[in-house]
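A.B. asks: give me coordinates for this.
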Amino acid sequence: MFINAAGYYIPSKRVPNDYFLTVNGLTDEWIFQRTGIKTRAWATEEETIDYMCIEAVKDALPRLPYSVADVDLVVFASYSPSDTVATTAHIVQREFGIKNAKAFYISSACSSAMNAMEIIALFFAGGKASKALLLSADRNTSYYNPQDPKAGHLWGDAATAFFFSKERTSSERTGASEPLVVDVTTHALGHVGKGKEGVYLDPRKEGIQMHNGRDVFTHGCAHIAGCAKEITEKNGYAIADLSYFISHQANMRIVNHVINQLGIPAEKSLSNISELGNTGSASSMLIFAQSYPRFRANDLICISVFGGGYSSGACLIRF
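C.D. replies: Numbers count the residues shown, from 1 in each chain. The predicted structure is shown next:
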């Protein structure tokens, strides 16, 4: 399948590490050394997850080589929805008049976007759809606790919108390239380590929690690297063939550990965690969308992620 257009929305508000000194006692130096985060993007009350996704779609539309009404599948991937009945997929369907689409919501922690891409590929292969819109977004500030010294300082908010097609479409209207999704894979890892106790979200009581940071770090490093090796080797490539590598932005120490483990030069690793914080399932797709203008013909990009629960996934994209 092919990527036809990508868009994103990032709240303009930036919250520096100094904010947490009076909230949970953590200093700027302590946070930065352990996470690589300097600021994080936080949504205002008006910037709901529906609003962010709508704005991400609007950002992508000028580069879309066909009418948004031609979309026949809308998938919303997130672990922090505002509504699981009237989902963001349906809100976006209504906002843009996408009348002939199937629409639904899926969640698999920070690998949600990878699972959504895999589902879209299967819909295409089965003849159930030909053009799809993937909304990947998390509004962590809906559920986080800033007083939590273990994870309250990690979270940021953002949304992305990606349009996919089963076949390559004409790009004459926009002049944009349409990269090929070479492959996508996901794994459920609930049996590994602490499993669901690693990172979880209790919407009524505790919000989003990460009580077992060491376990998350250990398995995150192992499975982000493992997924990257798996998908490149499966498709006849080596890690050295990658033009760029994008890891889930949970923690800069995880990112650095993974690229060192894989032997990827730092200049090939794309990151936004220092400014935006951990934007959840949107994070890796967000970096890809932000970096779109820098990619050139024949560039090979690997995106590899790990999420609470646990779960993992990766995709390989060729320009």
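
A.B. asks: please identify which helix or strand holds residue 301.
C.D. replies: Assigned by DSSP states H and E, residue 301 belongs to strand 300-307.

A.B. asks: residue 201 now?
C.D. replies: Assigned by DSSP H and E, residue 201 falls within strand 200-202.

A.B. asks: following that strand, which helix or strand shows up next?
C.D. replies: Taking DSSP H and E, what comes next after strand 200-202 is strand 207-209.

A.B. asks: now for that next one, which elements pack on it?
C.D. replies: For strand 207-209, the packing partners by 3 or more C-beta pairs under 8 Å, 6 or more residues apart in numbering; DSSP states H and E come out as strand 200-202. Where you see a C-beta, it was placed from the backbone N, CA and C, and this is true even at glycine.

A.B. asks: what lies in contact with the strand it packs on?
C.D. replies: 79-80, 143, 207-209, 308-309 (C-beta atoms under 8 Å, 6 or more residues apart in numbering).

A.B. asks: what would these look like in a markdown table with pLDDT, neighbour count and distance to residue 7?
C.D. replies: Below are the contacts of strand 200-202 laid out as a markdown table (pLDDT from 0 to 100; neighbours: other C-beta atoms under 10 Å; distance: C-beta to C-beta, whole Å):
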| residue | pLDDT | neighbour count | distance to residue 7 |
| --- | --- | --- | --- |
| 79 | 95 | 24 | 21 |
| 80 | 95 | 24 | 20 |
| 143 | 90 | 17 | 25 |
| 207 | 76 | 20 | 29 |
| 208 | 79 | 25 | 26 |
| 209 | 75 | 21 | 31 |
| 308 | 85 | 26 | 26 |
| 309 | 84 | 23 | 27 |
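
A.B. asks: export the residues you listed to TSV and append columns for distance to residue 267.
C.D. replies: What follows is the contacts of strand 200-202, written out as TSV (distance: C-beta to C-beta, whole Å):
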residue	distance to residue 267
79	31
80	32
143	35
207	37
208	33
209	35
308	30
309	32
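
A.B. asks: tell me which two in these are the farthest apart.
C.D. replies: Within the contacts of strand 200-202, 207 and 309 form the most distant pair, 16.0 Å apart (C-beta to C-beta).

A.B. asks: wait, is residue 76 part of a helix?
C.D. replies: No - read with DSSP: H, G, I helix; E, B strand; the rest coil, residue 76 is strand and lies in no helix.

A.B. asks: and the spatially closest residue to it that is not a sequence neighbour, how many residues sit next to it?
C.D. replies: Closest residue to residue 76 apart from its sequence neighbours, by C-beta to C-beta, 6 or more residues apart in numbering: residue 89 at 3.8 Å. Neighbour count of residue 89, defined by other C-beta atoms under 10 Å: 26.

A.B. asks: please apply the same query to the one 5 residues further on.
C.D. replies: For residue 94, the count of nearby residues is 12 (other C-beta under 10 Å).

A.B. asks: got it, and the one 3 residues further on?
C.D. replies: When neighbours are counted by other C-beta under 10 Å, residue 97 registers 9.

A.B. asks: same check, this time on residue 205
C.D. replies: Residue 205, neighbours per other C-beta under 10 Å, totals 6.

A.B. asks: do the same with residue 260
C.D. replies: Using other C-beta under 10 Å, residue 260 has 13 neighbouring residues.

A.B. asks: what residues sit buried inside the helix or strand that contains it?
C.D. replies: Assigned by DSSP H and E, residue 260 falls within helix 252-262. For helix 252-262, a neighbour-count test (16 or more other C-beta atoms under 10 Å) marks 252, 254-259, 261-262 as buried.

A.B. asks: go on, stretch 112-124?
C.D. replies: Those buried within stretch 112-124 under the rule 16+ other C-beta under 10 Å are 112-121, 123-124.

A.B. asks: and if you look at stretch 21-30?
C.D. replies: Residues of stretch 21-30 classed as buried: 24, 26 (neighbour count, 16+ other C-beta under 10 Å).

A.B. asks: sorry, back to before: turn the buried residues of helix 252-262 into CSV, columns for distance to residue 222 and pLDDT.
C.D. replies: Below are these laid out as CSV (distance: C-beta to C-beta, whole Å; pLDDT from 0 to 100):
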residue, distance to residue 222, pLDDT
252, 17, 94
254, 10, 94
255, 14, 96
256, 15, 96
257, 10, 95
258, 9, 97
259, 14, 97
261, 9, 96
262, 12, 98
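
A.B. asks: how about the residue nearest to residue 47 when sequence neighbours are not counted, phi and psi?
C.D. replies: Using C-beta to C-beta, 6+ apart and skipping the chain neighbours, the partner closest in space to residue 47 is residue 11 (5.2 Å). Dihedral pair for residue 11: phi -60, psi 150, per degrees, to the nearest 10.

A.B. asks: the residue nearest to residue 76 against residue 135, yeah?
C.D. replies: Yes - counting by C-beta atoms under 8 Å, residue 89 touches residue 135, with 6.6 Å between them.
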